[in-house]
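Q: The sequence and its predicted three-dimensional model are supplied below.
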Amino acid sequence: SENLLVVDNLKTYFPMKKGLFGQTSGHIKAVDGVSFQLKKGETLGIVGESGCGKSTTGRSILQLVKPSDGSVRFDGEELISMPEAKLRNMRSQMQIIFQDPYSSLNPRLTVSTILAEALSAGATQTDPRPMRERVLELLSLVGLNPQHADRYPHEFSGGQRQRIGIARAIAVKPKLIVADEPVSALDVSIQAQILNLLDELQDDMGLTYLFISHDLGVIRHISDRIAVMYLGRIVEIADKKSLFERPLHPYTQALISAVPVPNPEKKKERIVLGGDVPSPANPPVGCAFHPRCRHAMDICRTVRPTELEMNQDHVVACHLYGDDERSK
Ligand code: SF4
Ligand code: MG
């Protein structure tokens, strides 16, 4: 099927201010050359530790933060060079769901008013039905009741608030939803309900998801394909099955080894990663993972590994694969 999103060598650097006069001293390379494609109706999970750049990647794609370089083609149109007025029109086709919907829901407005505002924008503004009817339909789509319409955000639980956040995001019938840690603040029992809701909505509305989480269990639940990020780069990307059955990158292998196994007879070794994620202001030379990698070789300390397609749609950036010549 067709690509909805093609991201090529995306970079988002933030200047670091230092000194009395606010002069710039280097950059934080939050996103440092990210490339991937997302097919219509697909869910790509982006997983990585905090500070790896996954959130900034999502926001850079939506142009909520300005990328420094690279290309983001959405439905065939380049977003990075797009004039602001045109971008504003595109915005309703690309929605974001946040970890904490509460902070983005106006506490003085009822849910009905919040959703009516969303319904008045984008492609749905020409729907001739009475607004009340459309609000109630939206509530029922996300598993809320008509009685919820006239309540205020503070009257809801965390899970219900996330349902309101989702209702607002789908009100405009977007094509792409970037979900940024949408269940991380919720109890585990509620997490599955919200993930299942997102799955149902995807099937019903043909939505495409970029789903960002630090939690590999959550990522496994929701994703078709998975990208593993480390220090601003994707180190491995594959469909869910091959990533879990044949993880190639030592970092992916460590992440997967930390996820509880459903079948306890299939015992596996837990790979414990030493050290913290280094600062993206001063990433290690060569492979950024080398200070924590138990397979690190000399070349890893000097040469940055390039992305290598190992099997169909299974891409890894690591010197253990391919020949060193190609990595120069
Ligand atoms: Fe480890 Fe080297 Fe592969 Fe980096 S390139 S993950 S340091 S083996
Ligand atoms: Mg799905």
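A: Here it is on my side, so go on. Ligands and ions are numbered 1, 2, ... in the order given.
Q: Show me where the protein has its helices.
A: Using DSSP state H, the helices of the chain run over 54-61, 84-91, 111-119, 131-141, 158-170, 188-205, 216-222, 240-245, 250-257.
Q: Pick out the shakiest of those, pLDDT-wise.
A: Mean pLDDT is lowest for helix 84-91 out of the helices of the chain, coming in at a mean of 90.
Q: List of residues touching it?
A: For helix 84-91, the external contacting residues (C-beta atoms under 8 Å, 6 or more residues apart in numbering) are Leu62, Gln63, Phe74, Glu77, Leu79, Met82. In this view, the C-beta of every residue, glycine as well, is placed from N, C-alpha and C.
Q: Restricting to C-alpha, output it in PDB.
A: Extracted C-alpha coordinates of helix 84-91, given in PDB (Å, rounded to 0.1, in the frame of the first residue of the first chain):
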ATOM      1  CA  GLU A  84       2.800  28.800   7.000                       C
ATOM      2  CA  ALA A  85      -0.600  29.500   5.500                       C
ATOM      3  CA  LYS A  86      -0.700  26.200   3.600                       C
ATOM      4  CA  LEU A  87       0.700  24.400   6.500                       C
ATOM      5  CA  ARG A  88      -2.200  25.700   8.700                       C
ATOM      6  CA  ASN A  89      -4.600  24.000   6.300                       C
ATOM      7  CA  MET A  90      -2.700  20.800   6.400                       C
ATOM      8  CA  ARG A  91      -2.600  20.700  10.200                       C
END
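Q: circling back to that earlier point, between the helices of the chain, which one is closest to ligand 1.
A: The closest of those to ligand 1 is helix 250-257. By C-beta to the nearest ligand atom, the value is 4.4 Å.
Q: and Tyr152, how many neighbours?
A: 15 (other C-beta atoms under 10 Å).
Q: Setting the sequence-adjacent residues aside, check what's closest to it.
A: Among residues not flanking Tyr152 along the chain, Thr110 sits closest, at 5.9 Å (C-beta to C-beta, 6 or more residues apart in numbering).
Q: so that neighbour makes contact with Glu155?
A: No: contact criterion C-beta atoms under 8 Å: Thr110 and Glu155 do not qualify, at 9.6 Å.
Q: out of the two, which sits in the busier spot?
A: The neighbour comparison of Thr110 against Glu155 (other C-beta under 10 Å) goes to Thr110, with 17 against 12.
Q: Tell me which residues touch that one, please.
A: Going by C-beta under 8 Å, 6+ apart, Thr110 touches Ala149, Asp150, Arg151, Tyr152.
Q: Can you tell me which of those residues is closest to ligand 1?
A: Tyr152 (49.5 Å).
Q: Phi and psi next, for that closest one.
A: phi -100, psi 150 (degrees, to the nearest 10).
Q: Run through the residues that contact the spatially most central residue of the chain.
A: Closest to where the C-alpha atoms of the chain average out (C-alpha atoms, centre = their mean) is Ile212, at 2.9 Å. Contacts for Ile212 (C-beta under 8 Å, 6+ apart) come out as Gly45, Ile46, Lys54, Ser55, Thr57, Gly58, Val178, Ala179, Asp180, Glu181.
Q: Between these, which sits nearest Val34?
A: Using C-beta to C-beta, Thr57 is the member of the contacts of Ile212 that sits closest to Val34, with 5.6 Å.
Q: How many residues are close by that closest one?
A: 29.
Q: Could you export the helices of the chain to a markdown table, including columns for distance to ligand 2?
A: A markdown table is the format used below for the helices of the chain (distance: least, C-beta to the ion, whole Å):
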| stretch | distance to ligand 2 |
| --- | --- |
| helix 54-61 | 18 |
| helix 84-91 | 24 |
| helix 111-119 | 23 |
| helix 131-141 | 16 |
| helix 158-170 | 15 |
| helix 188-205 | 5 |
| helix 216-222 | 7 |
| helix 240-245 | 11 |
| helix 250-257 | 21 |
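Q: Same list (those) but as a markdown table, adding distance to Cys318.
A: Listed next are the helices of the chain as a markdown table, based on distance: least, C-beta to C-beta, whole Å:
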| stretch | distance to Cys318 |
| --- | --- |
| helix 54-61 | 19 |
| helix 84-91 | 36 |
| helix 111-119 | 43 |
| helix 131-141 | 43 |
| helix 158-170 | 36 |
| helix 188-205 | 30 |
| helix 216-222 | 18 |
| helix 240-245 | 14 |
| helix 250-257 | 7 |
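Q: interface residues of the chain facing ligand 1?
A: By the rule C-beta under 6 Å from any ligand atom, the part of the chain lying against ligand 1 is 249-250, 287, 289-290, 293, 295-297, 300, 305, 318-320.
Q: quick one: which of those is most hemmed in?
A: Counting neighbours by other C-beta under 10 Å, Cys287 comes out on top of those with 30 neighbours.
Q: Now that one. Nearest residue, chain neighbours left out?
A: Using C-beta to C-beta, 6+ apart and skipping residues adjacent in sequence, the residue nearest Cys287 is Cys300, 4.5 Å away.
Q: Now do the contacts for that neighbour.
A: Cys300 neighbours (C-beta under 8 Å, 6+ apart): Gly286, Cys287, His290, Cys293, His319.
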